[in-house]
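Engineer: Quick check, what structure comes out for this input:
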Amino acid sequence: MRVGVIQSNYLPWRGYFDFIDAVDLFVVHDDLQFTKGDWRNRNRIKTLQGLQWMTVPVHYRHTAQLIGDTEIDHSRNWQREHLNLIETHLGRAPHVADVRRLLEPEFDAGHRTISSLNVALARAINAYLSIRTPMRMSSEFRLTSSKTERLIELLTAAGATTYLSGPTARAYLEEERFREAGIHLEYKQYDYPDYPQLWGPFDGAVSIIDTIANCGPATRDVLPSRAPATLSAA
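Structural biologist: Got it, this is the predicted structure:
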């Protein structure tokens, strides 16, 4: 079984969903430390003035705070702010109504934590894109190890025979440890075609909602990476 493990992100780019589609089980790594100024609670859309952040405010109380424990700050109407940004900058896109239909139910659901919101949005987008990969949370496995041992413990508990990793992890993963554990190691490669997009030259470093707003159901056609995963050297 091919398993992928990534932290939850707020409305991530299309590569995140291609990654989910490429595995048999996707595990959301929610019991890791929350990092400020990261993708956990923000992402970007393209505007006439360039890329602009959409950030979900959260309560950050201490450095050891876990992603799964990080609560959303509902004192600010960030939902309205984000919908207004989408309407202002993506309102002319042909499928922006699909984006609103995906986001509004989860924006109105009152999710307590950023992880809960991210996972709910990811599930809704998966359904829209006909991605049927099951999703689980790393906290379900009650892991006791750290670093590489922790990841191998998680993969073993999940029944993985192959681990699909992001490409940047090649610089620090202890590849020999995976071989010793009987787990094949592969690295995802991100290489995507352009699609019709508002506001000047194409920029792919944007949230999946940009892709959906511009492509609608045809997002499925521009989702798969053109480059196959590469194998570990170990």
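Engineer: Not counting sequence-adjacent ones, nearest residue to residue 108?
Structural biologist: Closest residue to residue 108 apart from its sequence neighbours, by CB to CB, 6 or more residues apart in numbering: residue 79 at 7.5 Å. Placement of C-beta: from N, CA and C, glycine included.
Engineer: Surely that neighbour and residue 109 touch.
Structural biologist: No. Counting by CB atoms under 8 Å, residue 109 is not a contact partner of residue 79; they are 10.1 Å apart.
Engineer: and these two? which has more neighbours close in?
Structural biologist: Shown here are residue 79 and residue 109; by other CB atoms under 10 Å, residue 79 has more neighbours (17 against 11).
Engineer: helix/strand/coil for that one?
Structural biologist: Using DSSP: H, G, I helix; E, B strand; the rest coil, the structure places residue 79 in helix.
Engineer: ok, so what distance separates it from residue 26?
Structural biologist: Residue 79 sits at a distance of 26 Å from residue 26 (criterion: CB to CB, to the nearest Å).
Engineer: what's the answer for residue 94, then?
Structural biologist: Relative to residue 26, and taking CB to CB, residue 94 is found at 29 Å.
Engineer: how about stretch 209-225: buried residues?
Structural biologist: By 16 or more other CB atoms under 10 Å, the buried positions in stretch 209-225 come out as 209-216, 219, 222-223, 225.
Engineer: now do stretch 121-134
Structural biologist: Buried, per 16+ other CB under 10 Å, within stretch 121-134: 121-122, 125-126, 128-129, 131, 133.
Engineer: and residue 178, how many residues sit next to it?
Structural biologist: 22.
Engineer: For the residue nearest to residue 108, report the pLDDT, please.
Structural biologist: pLDDT recorded at residue 79 is 98.
Engineer: Just the buried residues of stretch 121-134: which are in helices?
Structural biologist: If you go by DSSP state H, those have 121-122, 125-126, 128 in helices.
Engineer: between those, which is nearest residue 229?
Structural biologist: residue 126 (19.8 Å; CB to CB).
Engineer: ok, the nearest residue to residue 76 once chain neighbours are set aside to residue 118 distance?
Structural biologist: Excluding the flanking residues, the one nearest residue 76 by CB to CB, 6+ apart is residue 57, at 5.4 Å. Going from residue 57 to residue 118 by CB to CB gives 14 Å.
Engineer: Tell me which of the two has more neighbours.
Structural biologist: Neighbours per residue, other CB under 10 Å: of residue 57 and residue 118, the larger number sits with residue 118, 25 against 15.
Engineer: What pLDDT is listed against the most far-flung residue of the chain relative to its centre?
Structural biologist: For the chain, the residue at maximal distance from the C-alpha centroid (CA atoms, centre = their mean) is residue 180, at 29.1 Å. With respect to pLDDT, residue 180 scores 95.
Engineer: go on, the one 4 residues further on?
Structural biologist: The predicted local confidence for residue 184 comes out at a pLDDT of 96.
Engineer: partners of the residue lying closest to it once chain neighbours are set aside in the sheet?
Structural biologist: Of all residues not flanking residue 184 in the chain, residue 162 sits nearest, at 4.3 Å (CB to CB, 6+ apart). In this entry, residue 162 is beta-bridged to residue 2, residue 184, by DSSP bridges.
Engineer: how far away is residue 162 from residue 24?
Structural biologist: Distance from residue 162 to residue 24, by CB to CB: 9 Å.
Engineer: Identify the contacts common to those two.
Structural biologist: 1-3 (CB atoms under 8 Å, 6 or more residues apart in numbering).
Engineer: Any of those buried? List them.
Structural biologist: 2-3.
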